[in-house]
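> Sequence and computational prediction follow.
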Amino acid sequence: MIVEVVPKNDSFDSLGQIIKNEIKKSDHSIMKVRTSNLYFFDKEIDLIFLKDLLVDSVTDDFYIHPQHPFENTFFIDIYYKDGVMDPAGETLKNYLIKSSFQVNYVKTIRRFYLFSEGKINNEKIVKFFKNRYFNPLVEQVGEFKEKIKVFSKDKEFEIKYIDLDCDLEKLSKDMVLSLNLEEMKIIKDYFYKKLKRKPTDVELETIAQTWSEHCVHKTFKSPFRYKNKRIKNLFKETIMRASYEINHPDTVSLFSDNAGIVKFDQFNNICFKVETHNHPSALEPYGGAGTGIGGVIRDIIGTGLSAKPIANTDVFCIGIDEGELTENDSIIPPEEILKGVVAGVRDYGNRMGIPTVNGAVCYHKKFLGNPLVFAGSIGIMKSRNSFKKVNEEDYIVLIGGRTGRDGIHGATFSSTSLTEDSQEISSGAVQIGNPIEEKKMLDAIMEMDGLFNSITDCGAGGLSSAVGEMGEETGAIVYLDKVPLKYEGLSYSEIWISESQERMVLSVPPKNFEKIKSIGEKYNTEVTHVGYFKGKKLELYFKDKNVLSLDMNFLHKGVPLYEKKTLPYINFKEKKRKLKYKFSIDDAVVKVLSSKDVRSKEWIVRQYDHEVQSQTLVKPLGGKSSNSPNDSSVLYPLDSKEKCIVVGCGINPRYGELNVKKMTYAVIDEAIRNVLSQGGDLEHTFLLDNFCFGDVKNPHTLGAIVESTFACYDYTVKLRTPFISGKDSLNNYFIMKDKEIEIPPTLLISALSITYVDMIRSSYFKMTEKPSTILMLGKETKEELAGSILYSEYGIDEGFLPNIDIKESAKIHKNFNELNKRRLIISAHDISDGGLFVTLFESCIGNDVGCEIKIESKLELFNFLFSETQSRYVVQVYDEDLDYVEKIMGKKYMKIIGKVVKTPSIKIKHNKKSYTFETKKLLKYYR
Amino acid sequence: MYKFYSLVIKADGTNCEVETSFILKNVGFKNEILTVGEIIKDLKILEKFSFIVFPGGFSYGDYTGSGRIVSSIIKHHLLQNFQKHIKDGKLILGICNGFQILVKSGLLPNTSGNWQQEVSLIFNDSFHYEDRWVKLLVNKNTIFTKNLPDYIYLPVAHGEGKFIHSFVKEKIEKLGAFFYVDEKGKKSMDYPQNPNGSFDSVAGIVDETGKILGMMPHPERFRDEKEFYHDEKIDPYGIIIFENVYRYIKEEL
């Protein structure tokens, strides 16, 4: 049966009105748009019961098909393709089954009625809706036709053996294994020489997943050769080495678990992880970002013996379309990608009840076909839960959603590049998440505290990687026919490698299983005993037949690592700007404030619940006007008395493209500035690295990785801020019209600082009762505008990049930290994208105040206002503290620049000349 | 009998139960969190509680309309128990998703007395979720709102908060507990002061008996003065609403 729920009148249908207004811009004949929701059930459901579930009696009308609300009106239906998660249908189905209705299949359909004076061109309408309201990759468009879905019935099951006496490269490609010839040869030797038999399909799949770049990060762990220097294990000799050398007393677990763990207070630890979900988001932004955030949340739930997620972060790198996207290109336009990923994070994070508190958006034309989507999550855990260990004979217990064909080959897919056809062929790797399934699982796991010995999430690689990882020491036996399925007909191999979302694996002592099961029932989340951790090997059974038998050692240690030959990254040649460009200051101010990177992100921030859990002390936007972006957000856990967590980040692809080392210094500097200016404590600041680089076949790209990781080592050791976790995402390039476009080398540094609540302050100016002064603290401003917002806006590709002397900058931040500790600062905002002017502007608009600035400098005004010299802050301090501040900061690193005034305008006197900018007028460009 | 038991009801997808429970406990209640399933198995358990709270979240994902599934469960399983609860002079609060549940189950405002849905909360005019602090005018003639100042600030965070009704003006003035206002304190129909387009700027209402309050803003998110969205120091109003309930139970029950 199909039923339809439609708002009673236009005024109850805000979506219809929004679409009408949008569509009218290009098609004037459309008079009205009305929307409705259709529900298809494969069984008859009691209508009274159904109406209560679906219909708002005040605002909705209810129709049972074939009765329709608007006869003879053009409409289109949009609904998820079969096999794609339909969260609404799934939730409804589960509820109906719980209420004793025997339904197998529930589908939800969005219907859009279009009222027009003339004839409607179907193709034109579909084109309008495409990517705005549906994605052809996962959704169907057209009229929904009632049908009973019959999934392929259980065929006679047969174990499939693969012959390796063949073209191994072709086999790898045909099976989407993403393994190279050398790796295939090693696998062949293992089976043919050691085991003396052919592998089964699932054995090959399992090895491919475990050895994929995505799971094992073989590039970062490989030996590198860089300028005649041999580096044995790049990761160990840079990122890890920095953390071990710093040997911070508050780091609890580094680089071994799903997330890094640090000490918070006597009883609690904090963990933090940031992941990327780039390739799926390029093809299906909404689902890609949603499952990205869902996955990183599970990483936190699966850290130690489980942490409670208390905040999420998100950073997006979005392309710029300079006319490359022709009508037929299958690339989704950047603005639709951004809308999609924002909606994905919103719908998943908000439903999970986890505040999204920090993030960034940056733009670069080389992200056009390969956007970057970073999703992070922070958790809090009892200190005693920081470590996990599987015990031999423990039950392997699967918890959460059911297993379907979703995301088969996600891990191997994400390790390759994107092509123009990706949107067509990779549909299996793209998924839609179901946050409610994950929320139920989270609630249940929180109550299972103390009842399990280990936990991990089913991410890329599904059960295969989760069980394989957990059972590395003990071995594991899994009975695949016990895994609960969404529908019949999955092969043993599909069950094992499926990447269906919202599932986790627990290692449970047999005596606790019944208790765990009853907690699962309480929260309506499925708990299934699927095997045992024992036997030293990895063994899979399906219907009593052994389908996989592998040595753990070969699986985990067998991947060959080859020396990577590198060439230095080709840096931009810095030279003095020859061109005597005449800047009009007024024009420059407008261009910079309205640039995509600088302008207000309020439309994004507001869509995220950033306050759920009631722990968000400093929100992303602040001030009486709520216009002022804070540098970081601050979390104040419910039962914390005095400690809090400051979260910030740094990223800059514009610099990355020009000079990888300088970019690396700059983004670390930015992340540090962001947490310090909010009142963070440098001595308790911990960092996460997320490297996103291009084609690893390009030796210059490999060189960039070396340069960036060594720069990370150098600067963090100076700052004494250890890395606690990180991730790399490689092969971020895109083939368009036969041309390979690599993304600019991009490093996201996320920073977490544990500090005291009374050190926290805001990033915007305020009128004070006692006299106060505005200072610039830190490095002396230089003409460093290459890669800056100003030059990008004017298309200038000359000049010098911000240069960091790491010793000097570390000293600046340490001195600044002393000011923090002595609570000497009223407000502080760092100087970053767009330079000093942007910082002053953002500091003024929070409380709707102004400032009077006096600059004596040899630099031209536009240099002074827009240069992006690093390690600089704008702060407000009481006049009575000025001497003390100077004493701590050092004369060289402090410059008095002006006063906060009531009148909301920025007055700048540069040498002899005066300029005035009214903030109200500029807000129009900024917002 | 001990009077100060409060209950936070949780459904699949409810997500504000922890902080709501936290504020109840700090005000002095002995609070329990029970799932809808646990309550249906043991309906009598409801009698223990003097104060029932439906917290915020996305019950069952809100996929078929916010709060719909839980309100249907109430209609089919729990209505009589809630009727008795109110008859006994006890109180109910719905916050955000809880407000949506109370309205759609017919418990609030129930002016006709026949427990049918009379008003609704529909998609914001912007059609998307929005988190922001709002200024509210307080109707101080309710158990929940006395002792509050004339105007308060609280955060809202929802996608379906547009309040619609067909009452006459006097009626909605009386039922309305909180109204969205502009900076000057005048009831506002303008975005963003009125963040969702609610009729008559209504942000929260009480029922005919004054025993049930539903509100879109989140009082539990203003438990500490430092949570205010800018630097000014003001009392965390969120606590006062819960304290009023405690005091009422202490004095009147």
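The structure has been received and is ready for your questions.

> so who does the residue of chain A found nearest chain B touch?
When scored by C-beta to the nearest C-beta, chain A has A:Gly353 as its residue closest to chain B, at 2.5 Å. Quick note: C-beta positions are derived from backbone N, CA and C, even for glycine. Residues in contact with A:Gly353 (C-beta atoms under 8 Å, 6 or more residues apart in numbering or on different chains) are A:Lys439, A:Asp609, A:Val612, A:Gln613, B:Asn15, B:Cys16, B:Gly57.

> can you give me phi and psi for it?
Phi and psi for A:Gly353, reported as degrees, to the nearest 10, are phi 70, psi 30.

> pLDDT at it, what is it?
On the pLDDT scale, A:Gly353 is placed at 97.

> Quick check: the gap between it and A:Ser614.
In this view, A:Gly353 and A:Ser614 are 11 Å apart by C-beta to C-beta, to the nearest Å.

> picking that back up, quick check, nearest of the contacts of A:Gly353 to A:Lys382?
Nearest to A:Lys382, judged by C-beta to C-beta, of those is A:Gln613 at 17.1 Å.

> you'd agree that closest one is up against A:Ile310?
Yes. Counting by C-beta atoms under 8 Å, A:Gln613 does reach A:Ile310; the two are 6.1 Å apart.

> Show me the common contact partners of those two, please.
Counting by C-beta under 8 Å, 6+ apart, the residues touching both A:Gln613 and A:Ile310 are A:Ile354, A:Pro355.

> List the buried residues of the helix or strand in which A:Ala588 is found.
For A:Ala588, the enclosing helix or strand under DSSP states H and E is helix A:585-593. Of the residues in helix A:585-593, those with enough neighbours to count as buried (16 or more other C-beta atoms under 10 Å in any protein chain shown) are A:Ile585, A:Ala588, A:Val589, A:Val590, A:Lys591, A:Val592, A:Leu593.

> Quote the end-to-end distance of stretch A:619-639.
Counting by C-alpha to C-alpha, to the nearest Å, the length from the leading to the trailing residue of stretch A:619-639 is 19 Å.

> picking that back up, what separation do you get for the residue of chain A closest to chain B and B:Ala157?
The gap separating A:Gly353 from B:Ala157 is 11 Å, by C-beta to C-beta.

> now A:Ile825
Distance of A:Ile825 to B:Ala157, given as C-beta to C-beta: 31 Å.

> and the residue lying closest to B:Ile40 once chain neighbours are set aside, what pLDDT?
What sits nearest to B:Ile40 in space, not counting adjacent residues and going by C-beta to C-beta, 6 or more residues apart in numbering or on different chains, is B:His77, at 5.3 Å. Note for B:His77: predicted pLDDT of 93.

> now for the helix holding A:Ala588, which elements pack on it?
Helix A:585-593 is packed against helix A:789-794, helix A:835-845, helix A:861-866, strand A:913-918, helix A:919-926, with contacts defined by 3 or more C-beta pairs under 8 Å, 6 or more residues apart in numbering or on different chains; DSSP states H and E.

> what's the next secondary structure element after the first one?
Using DSSP H and E, the helix or strand that follows helix A:789-794 towards the C-terminus is helix A:806-821.

> and after that following helix, which helix or strand comes next?
On the C-terminal side of helix A:806-821, the nearest following helix or strand under DSSP H and E is strand A:827-830.

> is that next one up against chain B anywhere?
No. For strand A:827-830 and chain B, the contact criterion (C-beta under 8 Å from any C-beta of the partner chain) is not met; the two come no nearer than 8.6 Å.

> Tell me which of the helices and strands packed on helix A:585-593 is the most buried.
A comparison of the helices and strands packed on helix A:585-593 by mean neighbour count, using mean count of other C-beta atoms under 10 Å in any protein chain shown, puts helix A:835-845 on top with a mean of 25.

> what element comes up after that one heading to the C-terminus?
Toward the C-terminal end, the helix or strand that comes next after helix A:835-845 (DSSP H and E) is strand A:850-855.

> report the angle between the axes of that next one and helix A:919-926?
Orientation note: strand A:850-855 sits at an angle of 90 degrees relative to helix A:919-926 (axes from the mean of the first three to the mean of the last three C-alpha atoms, to 10 degrees).

> Quick check: neighbours of strand A:850-855 in the sheet, parallel or antiparallel?
Strand A:850-855 has its sheet partners listed here by DSSP bridges as strand A:894-901 (antiparallel), strand A:905-910 (parallel).

> circling back to that earlier point, if I look at A:Gly353 and B:Ala157, which residues touch both of them?
Shared contacts of A:Gly353 and B:Ala157, defined by C-beta under 8 Å, 6+ apart, are found at A:Asp609, A:Val612.

> if we can go back for a sec, now the common contact residues for A:Gly353 and A:Ser614.
Overlap between the neighbourhoods of A:Gly353 and A:Ser614 consists of B:Cys16, taking contacts as C-beta under 8 Å, 6+ apart.

> From A:Ser632, how far off is the residue most central in space within chain A?
The C-alpha lying nearest the average C-alpha coordinate of chain A belongs to A:Ala375 (C-alpha atoms, centre = their mean; 1.9 Å). A:Ala375 is 18 Å from A:Ser632, where distance means C-beta to C-beta.

> Would you indicate which residues of stretch A:254-271 are buried?
A:254, A:257-265, A:268-271.

> Hmm, I typed the wrong one, I wanted stretch A:556-569.
By neighbour count, with 16+ other C-beta under 10 Å as the criterion, the buried positions of stretch A:556-569 are A:His556, A:Gly558, A:Val559, A:Lys564, A:Thr566, A:Tyr569.

> Can you check the distance spanned by it, start to finish?
Note: stretch A:556-569 ends 32 Å apart using C-alpha to C-alpha.

> Residues of the stretch 51-200 of chain B that sit close to chain A?
Near chain A, the residues belonging to the stretch 51-200 of chain B are B:56-58, B:60-61, B:63-65, B:68-69, B:71-72, B:75-76, B:104, B:116-120, B:122-133, B:155, B:157, B:162, B:164, B:197 when assessed by C-beta under 8 Å from any C-beta.

> change it to 6 Å
Among all residues of the stretch 51-200 of chain B, those adjacent to chain A (criterion: C-beta under 6 Å from any C-beta of the partner chain) are B:58, B:60-61, B:63-65, B:69, B:72, B:117, B:120, B:122-123, B:125, B:127-131, B:155, B:157.

> Those residues, buried ones only, as a ChimeraX selection?
Entered in ChimeraX, the line below selects the buried ones among these, by 16+ other C-beta under 10 Å:
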select /B:58,60,61,63,64,65,69,72,117,120,122,123,125,128,129,130,131,155,157
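
> Can you get me the start-to-end distance on stretch A:615-631?
Using C-alpha to C-alpha, the end-to-end distance of stretch A:615-631 comes to 17 Å.

> Residues contacting the lengthiest helix in chain B, please?
Ranked by residue count, the top helix of chain B under DSSP state H comes out as helix B:237-252. Contacts of helix B:237-252 from elsewhere in the structure, counted by C-beta atoms under 6 Å, 6 or more residues apart in numbering or on different chains, are B:3, B:23, B:27-28, B:50-51, B:91, B:143-144, B:147-148, B:152, B:219-220, B:222-223.
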